[in-house]
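Here's my sequence, what's the structure:
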Amino acid sequence: MTLAAAMVLAAAAAAHSAVSAAQRHDGPVAGAIAAHASVVAEVEITGAPRALKAPGSSSLAQRWAVTAMVKTLNTGGRLLRAEAAVLIMGGQDWEHAVLGQLVRATGKLRPPDPGDVEAGILTASSPPVTLEAAAPWQQQPAALGRQFAEAAGWLDADARGLLPGMVTGDTSGLDEQLEAAMKTVGLTHLTAVSGANCSLILGVLLLAARSLRLARLPAAACALAGLGMFVLMVGPDASVLRASLMGAIALASLAGGRAGRGLSFLCLAVIALLLSDPALGTSFGFLLSVLATLGIIVLGRRIMDWVPPAVPRWAAAGMAVPLSAQLLCGPVIVVLQPQFATYSLLANMFVAPLVAPVTILGTAAVPLVPLLPWLATALIGVAGLFAAGVAGIARFMAGLPGAAPPWPEGPFGLLTMVLFSVLTALAVWAAAHPAGTIRLVLAAHFKTACVLDWTLEGKSMRPGPSRRVPVRNRTEPWSGRRSSPRWFCLRTVRRSCPEGPVR
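Predicted structure coming up:
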């Protein structure tokens, strides 16, 4: 029954994706995109603006990108009414675009880059003209984010740029060198609102509710309500909603007493997200998120069980979580970026104790900035210290020799990284089980000796010139000398393999 339901849902998701892809590549809007037409468009903002920094530029972003949904399109004297997702790239005026806002934009359309989920890219040639303001609940997250970034302005440069990114996903003030260092050591996931943020928030809220002696279901309801407020605070764009859905399903599995069925809930989340947004099927970000969660569910617990009991469980989890995620995400990452992050596992292990205080204290400070500025400043100061520690670890690890050696590109690079991931898992198991590793090595040696002895003894029985095998006769007296390895192997073969070679 479960398999049949899964197949029906998968077929529905595939059909929905096919219909969505056909609508994306057909129609008048697709024609205008393919023709690189100059247009005047009315669009609704569907995401938070993000900074686009050119190499060598200052920390102040000169261009911004924001996702939007086209409502009407005026090109060549024709008015087209059709919906299509586009990515708008424009100047600094687009920094203040707000989710849910209806604006008029002028510019030139072009096809999207490979792997993008949008139907096209609109290069804006003018600032946005507001046609309809966003709802108050949609405007508040952007205002809170700006106030939080301003309140953190007294911190040092690294903490000032990194703290808003780790709390609200705002990387506009992140230093270019620090951003490159975090990319080198595999820490870029910290500068986005991800499932890890939602899991931390949910965990804290659930522990707080349980400490008040609430039952399991009321505690889960309170935690989900707090998660909803967190999503509204940081901005309910697509990536935040995906991350919160993953966290909510994990919480539902715990509240329902089915913590061991995380894989089933992950499959349910993937199918639901693909049904709601079929374009996610071509998103590398969505793929990496699913693979990381899958690795933690499938491998995380097993790797923790490999660790000796003398190691504290928090230390085992700090090693198992990034390793299990890296093992599955590594092959996809080298396709996107053909280089090997040598110190990624170590960097993630070292920053793990620092991420929780930054996320929890920073999130608590965001709503307090307009209400209790003095308390928010204290929380920002403590969170800034931990954020500076994360930045220091990233810079140090990125400066070590061999931090980012090149890796083969294409399918060969993917296959070699899959092989490397398998070997890494085996090496971790061997390091955690030295006695078992020695037994396996000895058993492999014994089997190899058996095969070789069968082969050599079989050759000695073939017709041809007489050839004697130097095997000691049991009736001969022992000479007191140590037996040769050859005699020992044949004797072991006869004892363990009485059937002997085929004669």
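
separation between Thr46 and Gly330?
In this view, Thr46 and Gly330 are 31 Å apart by Cβ to Cβ, to the nearest Å. Using the backbone N, CA and C atoms, a C-beta is placed for each residue, glycine as well.

Look at these two and report which has more neighbours.
Shown here are Thr46 and Gly330; by other Cβ atoms under 10 Å, Gly330 has more neighbours (23 against 17).

can you give me the mean pLDDT across stretch 48-59?
In this model, stretch 48-59 has an average pLDDT of 64.

Tell me where the stretch 1-150 of the chain has helices.
Here the stretch 1-150 of the chain has its helices, by DSSP state H, counting those that start in this stretch, at 2-25, 28-34, 136-151.

Lowest average confidence across the ones you listed, which one?
Averaging pLDDT over each of those singles out helix 2-25 as the lowest, with a mean of 66.

quick one, strands of this structure?
38-45, 50-52, 63-75, 78-90, 102-110, 120-124, 129-132 (DSSP state E).

So for Leu440, which of those strands sits nearest?
Between Leu440 and the strands of the chain, the tightest spacing by Cβ to Cβ is seen for strand 50-52, at 49.7 Å.

Which parts of that closest one count as buried, going by neighbours?
The neighbour-count check on strand 50-52 (16 or more other Cβ atoms under 10 Å) flags 50-51 as buried.

hmm, who's touching that strand?
Contact with strand 50-52 is made by 61-66, 89, 95, 171-172, as judged by Cβ atoms under 8 Å, 6 or more residues apart in numbering.

Repeat that for stretch 394-406.
158, 177-178, 180-182, 184-185, 187, 338-343, 346-347, 350-351.

mind redoing it with 7 Å?
The contact list for stretch 394-406 (Cβ atoms under 7 Å, 6 or more residues apart in numbering) reads 178, 181-182, 184-185, 187, 338-343, 346-347.

Give me the subset of these lying in helices.
Among the contacts of stretch 394-406, the members falling in helices are 178, 181-182, 184, 346-347 (criterion: DSSP state H).

In contact with Thr184, which residues?
Counted by Cβ under 7 Å, 6+ apart, Thr184 has contacts 341, 398, 403-404.

now with 6 Å?
By Cβ atoms under 6 Å, 6 or more residues apart in numbering, the contact list for Thr184 reads 398, 403-404.

which one of those residues has the most neighbours?
Ala398 leads the contacts of Thr184 on contacts (other Cβ under 10 Å) with 21 neighbours.

Now it: closest residue in space, sequence neighbours ignored.
Closest residue to Ala398 apart from its sequence neighbours, by Cβ to Cβ, 6 or more residues apart in numbering: Ala181 at 3.7 Å.

The one you found and Pro164, how far apart?
Ala181 is 18 Å from Pro164, by Cβ to Cβ.

ok, the two, which is more surrounded?
More crowded of Ala181 and Pro164, by other Cβ under 10 Å: Pro164, with 27 against 23.

wait, doesn't the more buried one sit right on Asp170?
Yes - Pro164 is within contact range of Asp170, at 4.2 Å (criterion: Cβ atoms under 6 Å).

Quick check: neighbours shared by the two?
With Cβ under 6 Å, 6+ apart as the test, Pro164 and Asp170 both reach Ala149.

quick one: low-confidence parts of the stretch 151-300 of the chain?
Applying pLDDT under 70 to the stretch 151-300 of the chain flags the ranges 195, 235-238, 246-262.

just to revisit the earlier point, determine which of the strands of the chain approaches Gly436 most closely.
Across the strands of the chain, closest to Gly436 is strand 50-52 (Cβ to Cβ), at 48.4 Å.

what's the distance between the closest one and the middle of its chain?
20 Å (Cα atoms, centre = their mean, to the nearest Å).

Likewise for stretch 214-234?
In terms of Cα atoms, centre = their mean, the centre of stretch 214-234 is set 24 Å apart from its chain centre.

Give me the neighbour count for Arg110.
Using other Cβ under 10 Å, Arg110 has 16 neighbouring residues.
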